[in-house]
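Q: For reference, the sequence and a predicted model appear below.
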Amino acid sequence: MNADLATRVTARLRATLAAHFNPLDGSPYWLARERALGLDVRSRVHTIDDLALFGVFDPADLSRHPIDAFLPRATRESRGLVFAETGGTSGEPQPIAYARADFDAAFVMPFLQRCAGHDFSAGRWLWLGPGGPHVIGRAAQRIAELTTGADAFSVDFDPRWYRRLAPGSLARSRYLEHVLEQAQRVLKTQRIAHLFTTPVVLAALAPRLDDAVRERIGFLYFGGMPLVPATMRTLAAAFPQAHGIAGYGNTLFGVSHEAAPGPLRDTPPVYVPDDARLVVRVVPAGIAGAAHDSGRLTRRVAPGERGQILMHRLDTSGFLPNVLERDSAIRVDLGAAQDGLADPQPLTTTGLHIDNGIY
């Protein structure tokens, strides 16, 4: 299986490079980058480790150029593109594009594959999280449609506005109260059996719900991180009928999941990339996004050790090599092609204030 995945990663890499570095129809940004580096990418880059020739990719470049600069001509001119923006936790929001098939492969199909044995016929979904430019809300609606045949009920939680409100301030508490009141109303009046939100938001909502509502919830899909053991124990007690699954990912790359849904537990899940389009490695930790720091891109920490998360996106609608995430994780050995991620946590070296569990 690992050998098969490694073969598929290599084939995916080859196809992605062929699209983005076609001299006539490739992506303007990547063709310019190839010239600046003095590389013939299609003849020099054959493996994931060869991507180190590009150095660390600075995601801020996504907000410095039009989105079409990152798309091959055929993708730019195709129908059904999905546009989204990052939440802006670490700076300027960054726009990104997905072809429809790439969007489904990044955000929807991994969930459906992991949860294929769960019966979603008991009721509707409630999505409690970002709408607007945030890709995860679109994924939530698509998952609801494919599992229940209908949209999710939704309550919009704007993380950009929430983060602009001072921690501990009256304004922040009133905004959260506003979100929770809307969720209470939907849960009281609609036949909701499946919830998609973060553990932190759900822990704030649970005490407001009566026993009948909480016992009706049979499935919880968690975004955000980390999954704090004490919070998970609280949620297991509050939702005694619920099984759940957690996802780890972001707007630029998609989502990796734990192996399968199950009863809520307080042990950290292991997140496993689902396919060849997303390659995940755990490398020695440093400053996230240090553009000059390419030496550690091919050095993985030993299994069981904590390091920084490195991601490569291999899509015709998005080639993102060597993105050093702001998070660390414990490396789980999955073979030559991929690393699993245990207990992701924000890096302590970024200097960022991150509201854990808030999108």
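A: That came through, no problem. Numbers count the residues shown, from 1 in each chain.

Q: need the helix or strand of the chain with the lowest average pLDDT.
A: helix 159-164 (a mean of 88; mean pLDDT, DSSP states H and E).

Q: what's the spacing between that one and its chain's center?
A: Mean-position distance between helix 159-164 and its chain equals 19 Å (Cα atoms, centre = their mean, to the nearest Å).

Q: Which of the residues in it are classified as buried?
A: Residues of helix 159-164 classed as buried: 159-160, 162-163 (neighbour count, 16 or more other Cβ atoms under 10 Å). Where C-beta positions appear, they are placed from N, C-alpha and C, glycine not excepted.

Q: ranges for the helices of the chain?
A: Along the chain, counting by DSSP state H, helices occupy 2-20, 28-37, 41-44, 73-76, 100-103, 109-114, 135-148, 159-164, 170-189, 199-205, 211-216, 229-238.

Q: Dump the third one to CSV, keeping only the CA atoms.
A: This file holds the C-alpha atoms of helix 41-44, laid out as CSV (Å, rounded to 0.1, in the frame of the first residue of the first chain):
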residue,chain,number,x,y,z
VAL,A,41,11.7,22.2,-13.6
ARG,A,42,10.3,19.4,-15.7
SER,A,43,13.8,17.9,-16.2
ARG,A,44,15.2,18.5,-12.7
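
Q: Now do that helix: everything it contacts.
A: 17-18, 21, 30, 34, 50, 53 (Cβ atoms under 8 Å, 6 or more residues apart in numbering).

Q: Pull out the buried members of those residues.
A: The buried subset of these (16+ other Cβ under 10 Å) comprises 17, 21, 30, 34.

Q: With adjacent residues omitted, what lies nearest to the third one?
A: It refers to W30. What sits nearest to W30 in space, not counting adjacent residues and going by Cβ to Cβ, 6 or more residues apart in numbering, is H20, at 4.6 Å.

Q: Apart from its neighbours in sequence, what residue is nearest F319?
A: H20 (4.7 Å).

Q: surely the one you found meets R33?
A: No - if you go by Cβ atoms under 8 Å, H20 and R33 don't touch, sitting 9.7 Å apart.
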